[in-house]
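Undergrad: Kindly generate the corresponding structure for this input.
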Amino acid sequence: MDHKDIFRQRFEFYTEIKNKVEAYLGHANKRLALYKQTHSAELKSLKPKIATTADFFETLKSTQILLMGDFHSEPQSMRSLLRICRKYKSKKLVLALECIYLKHQVVLEKYMAGLISEIDFIRQTSWSKNWNFPFLSVKPLLQWAIQNDVAVHAVNSSDADLNQRDLKIAQNIKKIVNRYPEKLLIVQIGDYHLAQKHLPKEIYKILPKIKLQTVFQSPDEIYFQQMKKHKSVPDFVRFNKQQWAVMAVLPWVKWQNYLLLLESTGANWSDDEVDVTDHVARAVQFISDSLNIQTDLSEISVYVLADFEPASEFVKTDAHLKNKIKTDISDQKSFFVPELKKGYLESFTLNHISRLAAEYLMFKHKIYTKTICDSQKYFLSLIWIEMLSYFFTKIMNPKRKTNTVFDLRSFLISENFDDHGKDVLAIALEQKLKEMNSSVTEFDSKRKKSLAKNKKTYAAAARLLGGIMGEKVFWAFVNKRLKFPAAINFLFQDVYSKSFQVKYYDLIEVIDQWPNSAKSKFDHF
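TA: Residues are numbered from 1 along each chain as shown. I've put the predicted structure just below:
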């Protein structure tokens, strides 16, 4: 596919998914529609310029308030905020969150101090009623704040009128700024509030001299504008002295995850309207179209794992397969079982949908026709499967990131891993050294014997190595080093064939010639 075909495919997929979300939500009331329209009109009037991460953080040095846009249903939105916090000096930060109402500030402080549990915090804030978006998206940010002794404040109000809510939030922000005059206040706030006529206007009314920056969260209009013009999208774009956009989430990804969230909580949907098989089939078709290959969709059959009792659902499987399925369930994975020709979805997210799509695609193209239950014996086969899985899912979400060999070395010498984590990293690095024909210091026999009993260690190492290789393969695909359908002969290997264990190292030699897109995954925002 050329660039025009890729652009058209992604825009059509995005439009289809967004229309489904809007159909589900129904028509917005006039005030909300006007509020959104103001936001959209402002974005269309802005002229983006490519900026670097360094440009952005240089600006923060003289900033007092940073309004960070949030697309509430997309976990990556909150991870973008967390990455900014991590890169900034925590001692000079204070956080304010729209997702928590001011009336729950005392509950928040108890949770941050470890005086109440997560369950009690969710219950006492009536999280699902007041916010209605997953707490798991916010949890990493709160944990980071607790670990780094960063104050967190609630700023939301219960006003139904959005303009009145902007006023109340601005007043709450002023109180926080006055309390922490020497610190940068980062505010998590829905993207629609960021239009200059909305929250910024109210802040400037009561803090006219404040140094304020706003960061839109991955605006759809800006993404497609940049994609069409430059064929790629940077991590940051800058509009003017006060306005930015962080491009951390792809438009079709955030709307697909929103649709999945709506369907998983589906108060307005009957059971027969939520068909996860359709989502997986759509992902398989998306990947296949991107690779210019044909994939038979007739055998896709996906079920929600929570709807099954494993003891009865998998009663006819053999003991080894049953243990593998049991492990995947305990690890909260979605998985496809070739022997049953069924996929099982653990979580309503695009990552899980994409993983199932990738595994079905590999099954239909005879890359593997039975489940790998012994991850040590078939370690190389599992690495190859993980590589293809990463590559296929990255086609769905090019913003996905994985570790590099540099990251593995850094992690291994750190003290942030338990013994199991270090064993995973050590196995992964040992395998990379083998692939590079370097001298390898073997593990002592006792440790090897111990690791052999823990198949999960090898499975985890295969995921690490597969991600590293998948990143290189994706680079080759984007840069037309791999062209489909011709590349099928190279990539679509039967991992159970007798020759694969030998052929693997010849294949790796080719892949290792391709560069990493970055020295470390942390180089990308």
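Undergrad: Pull the number of nearby residues for residue 103.
TA: For residue 103, the neighbour count with other CB atoms under 10 Å is 13. (Each C-beta comes from the backbone N, C-alpha and C, glycine too.)
Undergrad: Show the pLDDT at residue 1.
TA: At residue 1, the pLDDT value in this model is 69.
Undergrad: How about residue 80?
TA: 91.
Undergrad: Now it: which helix or strand?
TA: helix 75-87 (DSSP states H and E).
Undergrad: buried stuff in that helix?
TA: Using 16 or more other CB atoms under 10 Å as the test for burial, helix 75-87 gives 75, 76, 77, 78, 80, 81, 82, 83, 84, 85.
Undergrad: in this structure, which residue is closest to the centre?
TA: The residue lying closest to the centre of the chain (CA atoms, centre = their mean) is residue 76, at 5.2 Å.
Undergrad: which ones are touching that one?
TA: By CB atoms under 8 Å, 6 or more residues apart in numbering, residue 76 lies in contact with 248, 249, 253, 254, 399.
Undergrad: again, but for residue 504
TA: 380, 383, 384.
Undergrad: For the residues you listed, give me a markdown table that also has distance to residue 18.
TA: Listed next are the contacts of residue 504 as a markdown table, based on distance: CB to CB, whole Å:
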| residue | distance to residue 18 |
| --- | --- |
| 380 | 41 |
| 383 | 37 |
| 384 | 35 |
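Undergrad: out of those residues, which are inside strands?
TA: Counting by DSSP state E, no part of the contacts of residue 504 is found in strands.
Undergrad: in the stretch 251-400 of the chain, which ranges drop under the pLDDT threshold?
TA: Low-confidence segments of the stretch 251-400 of the chain (pLDDT under 70): 266-274.
Undergrad: need the helices for it, in chain order.
TA: 251-265, 276-291, 310-313, 319-330, 350-364, 379-396 (DSSP state H, counting those that start in this stretch).
Undergrad: What's the separation between residue 386 and residue 428?
TA: 11 Å (CB to CB, to the nearest Å).
Undergrad: Please enumerate the shared neighbours of these two.
TA: What both residue 386 and residue 428 touch, as defined by CB under 8 Å, 6+ apart, is the set residue 465.
Undergrad: and those two? which has more neighbours close in?
TA: residue 428 (27 against 22).
Undergrad: could you check the angle helix 379-396 makes with the strand or helix carrying that one?
TA: Taking DSSP H and E as the criterion, residue 428 maps to helix 419-435. For helix 419-435 and helix 379-396, the angle between their directions (axes from the mean of the first three to the mean of the last three CA atoms, to 10 degrees) works out to 100 degrees.
Undergrad: Show me what helix 419-435 is packed up against.
TA: Secondary-structure packing of helix 419-435 (3 or more CB pairs under 8 Å, 6 or more residues apart in numbering; DSSP states H and E): helix 405-413, helix 455-478, helix 500-511.
Undergrad: Tell me which of the ones you listed is the most buried.
TA: helix 455-478 (a mean of 22; mean count of other CB atoms under 10 Å).
Undergrad: just the angle between it and helix 500-511, please?
TA: 40 degrees.
Undergrad: Any stretches of the stretch 51-200 of the chain with poor pLDDT?
TA: For the stretch 51-200 of the chain (pLDDT under 70), the answer is none.
Undergrad: what's the span of stretch 477-489, first residue to last?
TA: From its first residue to its last, stretch 477-489 covers 14 Å (CA to CA, to the nearest Å).
Undergrad: so how far is it from its chain's centroid?
TA: Stretch 477-489 sits 25 Å away from the centroid of its parent chain (CA atoms, centre = their mean, to the nearest Å).
Undergrad: hang on, the earlier thing: alpha carbons of the helix holding residue 80, as CSV, please.
TA: The C-alpha trace of helix 75-87 is given here as CSV (Å, rounded to 0.1, in the frame of the first residue of the first chain):
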residue,chain,number,x,y,z
PRO,A,75,-5.6,4.9,29.3
GLN,A,76,-2.8,6.3,27.2
SER,A,77,-4.0,9.8,27.9
MET,A,78,-3.3,9.4,31.5
ARG,A,79,0.0,7.7,30.7
SER,A,80,1.0,10.8,28.7
LEU,A,81,0.4,12.9,31.8
LEU,A,82,2.4,10.5,33.9
ARG,A,83,5.4,10.6,31.5
ILE,A,84,5.4,14.4,31.7
CYS,A,85,5.4,14.1,35.5
ARG,A,86,8.3,11.6,35.5
LYS,A,87,10.4,13.8,33.3
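Undergrad: In this protein, spot the strand with the most residues.
TA: Max-length strand for the chain by DSSP E is strand 93-101.
Undergrad: Lovely, talk soon.
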